[in-house]
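**Q** give me coordinates for this.
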Amino acid sequence: MEKLSSGCGSDRRSNAARAPRPLTIACMLVGLASCAPKPPGALLPVDALDHAIGDVIGDPATCVLLAEPATNRVVYRYGQSFNCLRGLPACDRPGFLSATQALALAKAPGGRAASCNTSADGSRTVGWAEGHAPSGSRDLNYSAVMEGQTAMPGHEISARLEQAFRNAGL
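**A** Residues are numbered from 1 along each chain as shown. From the prediction side, this is the model:
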């Protein structure tokens with residue numbers, strides 16, 4: 001019969017019982033991760049928004065941003081980053097804007113809808129829409145831009161987006 005020592009580290013059975021098992025560690029990490037803060041868009045129905053926006057104004061040259069009004073922190077983006085960051089004619093003021101910069105215009109009463117040509121021959125246009133996103137769960141503003149040969153006017157983008165937000169359950 002083997003004698004077990006009670007010295008620290010010499011009792012294999014008692015040390016094994018005290019050592020955390022990989023499965024136990026994994027369960028603890030999963031539990032801690034579930035308590036961690038959620039990413040910015042986590043409370044938004046992202047898949048439903050993607051689908052609803054794609055149905056009403058989806059176009060490769062479209063950008064739609066949803067942001068918190070107090071900070072303009074973007075919590076959702078539809079479209080490629082390039083389309084959200086590129087400068088396009090502002091239409092109702094001098095200069096160029098990006099969809100990110102235009103978020104500040106969403107705070108204007110009634111929002112903003114603007115459209116104009118982006119090419120001298122009128123074959124390409126840009127449509128802008130900014131405003132308050134109808135939402136029962138969060139206070140959000142939106143900024144949207146579409147540019148190209150088939151770009152919709154700003155007021156049309158605005159009307160379609162408000163319906164898309166409702167359809168997505170925002």
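**Q** and after the worst-scoring helix or strand of the chain on mean pLDDT, which helix or strand comes next?
**A** Least confident helix or strand of the chain, by mean pLDDT, DSSP states H and E, is helix 22-35 with a mean of 39. Toward the C-terminus, helix 22-35 is succeeded by helix 46-57 as the next helix or strand (DSSP states H and E).
**Q** what does that next one rub up against?
**A** 62, 64, 66, 76, 78, 144, 146, 152, 157, 160-161, 163-165, 167-170 (CB atoms under 8 Å, 6 or more residues apart in numbering). No exception for glycine: its C-beta is placed from N, CA and C like everyone else's.
**Q** roughly how far is it from the heart of the chain?
**A** 12 Å (CA atoms, centre = their mean, to the nearest Å).
**Q** doesn't Gly127 lie inside a strand?
**A** Yes - under DSSP: H, G, I helix; E, B strand; the rest coil, Gly127 falls within a strand.
**Q** and Lys107, how many neighbours does it have?
**A** Other residues near Lys107 number 14, with proximity taken as other CB atoms under 10 Å.
**Q** need the contact list for it.
**A** Contacts of Lys107 by CB under 8 Å, 6+ apart are Pro69, Asn141.
**Q** distance of it relative to Ser81?
**A** Counting by CB to CB, to the nearest Å, the gap from Lys107 to Ser81 is 23 Å.
**Q** before we move on, the earlier item: of the contacts of helix 46-57, select the buried ones using a PyMOL command.
**A** To isolate the buried members of the contacts of helix 46-57 in PyMOL, using 16 or more other CB atoms under 10 Å:
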select buried, resi 62+64+66+76+78+144+146+152+157+160+161+164+165+168+170
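**Q** which SS state does Arg77 fall under?
**A** strand.
**Q** how about the strands in this protein?
**A** Assigned by DSSP state E, the strands in the chain fall at 62-67, 74-78, 88-89, 96-97, 112-117, 125-133, 140-148.
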